[in-house]
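> Provided below are the primary sequence and the corresponding predicted coordinates.
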Amino acid sequence: MATGVGRGTVTGTGTGAGRRRFDSGRVCLDLVATGTVTSGAGELLDGPERLADWLVAARLVPEGTALTALDDSWVTRFRQLRTGVDRLMTAELCGRGADAALDRVNALAAGAPPGLRAVRGRGGTLVRALNAEPDCGALLAAVARDAVELLTDPAARAVLRRCEGEACRRLYLDTSRGRRRRWCSSEVCGNRERVARHRRRAAAAATGA
């Protein structure tokens, strides 16, 4: 099934578990966040159209880029990369190895990412465009390279975190002052934790009254 890229909407903070979010700090971690467990809302890449939308929203392809070859096989390959990246990051946080996942991500990262060029948009402003319609391997390479760069950058690796929110497994880079950020998003998981804490205090007060 072929499709074209639709209009992607970047929701930096999000207001619900089912919305796409791009606040992890890296595109490879944003890919992990689309999974059933990490999203908290089920599979967010459940077909070619959803993947096409995600590619635009993640800024891997400019809006309006034709992706005529995008089909279910692309979805499968992106999910496989997502699993590999998740395993690698989890292993890094746990201080253990994940060589099989590392081999798969390295193999994808060895490919050439899409070529970029600047073109005149409306009003003469320079905007990004791709040299040619990208294939799946090129887009996978861009995400896999991002994962390799994160894992081999000591500064980035040191601030890799897993959200402490209940039932949330999102990964993010903690760039906050003092590096004491506990949640993937203060507005989402942080707010849920504050609401739950308030309810616990209210229940305890009512019981003791």
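Cool, the structure landed. Residues are numbered from 1 along each chain as shown.
> which stretches of the chain have low pLDDT?
Scanning the chain for pLDDT under 70 picks out 1-20, 38-41, 185-188, 190-206, 208-209.
> All the strands of it, residue numbers only.
116-120, 126-130, 160-162, 171-173 (DSSP state E).
> deepest of the ones you listed, which one?
strand 171-173 (a mean of 22; mean count of other CB atoms under 10 Å). Every C-beta, even on glycine, is put in place using the N, C-alpha and C of the backbone.
> Report the strands that pair with that one, each with its relative direction.
Strand 171-173 has the following strand partners under DSSP bridges: strand 160-162 (antiparallel).
> Quick check: the gap between Glu43 and Ala107.
24 Å (CB to CB, to the nearest Å).
> again but with Leu126, I slipped
Leu126 is 34 Å from Ala107, by CB to CB.
> List the buried residues of the top helix by length along the chain.
Determined from DSSP state H, the single longest helix within the chain is helix 72-94. Buried residues in helix 72-94, counted by 16 or more other CB atoms under 10 Å: 74-75, 77-79, 81-82, 84-92.
> residues contacting the residue nearest the centre of the chain?
Note on the chain: the residue nearest the mean C-alpha position is Asp30, at 0.7 Å, using CA atoms, centre = their mean. Contact criterion CB atoms under 8 Å, 6 or more residues apart in numbering gives 21-22, 24, 58 as the residues in contact with Asp30.
> which residue packs closest to Ala110, ignoring adjacent ones?
Spatial nearest neighbour of Ala110, chain neighbours left out: Ala141 (7.4 Å); criterion: CB to CB, 6 or more residues apart in numbering.
> was I right about that neighbour contacting Asn106?
No: using CB atoms under 8 Å as the test, Ala141 is too far from Asn106 to be in contact (10.9 Å).
> So for these two, which sits in the more crowded spot?
Ala141 (21 against 15; other CB atoms under 10 Å).
> Tell me how far the more buried one lies from Ala147.
11 Å.
> list the residues that contact both of the two?
Ala109.
> can you put the strands of the chain in CSV and add distance to Glu63?
As requested, the strands of the chain are arranged in CSV below (distance: least, CB to CB, whole Å):
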stretch, distance to Glu63
strand 116-120, 13
strand 126-130, 9
strand 160-162, 30
strand 171-173, 25
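> Which among those is found nearest to Gly35?
Nearest of the strands of the chain to Gly35, taken as CB to CB: strand 171-173 at 10.5 Å.
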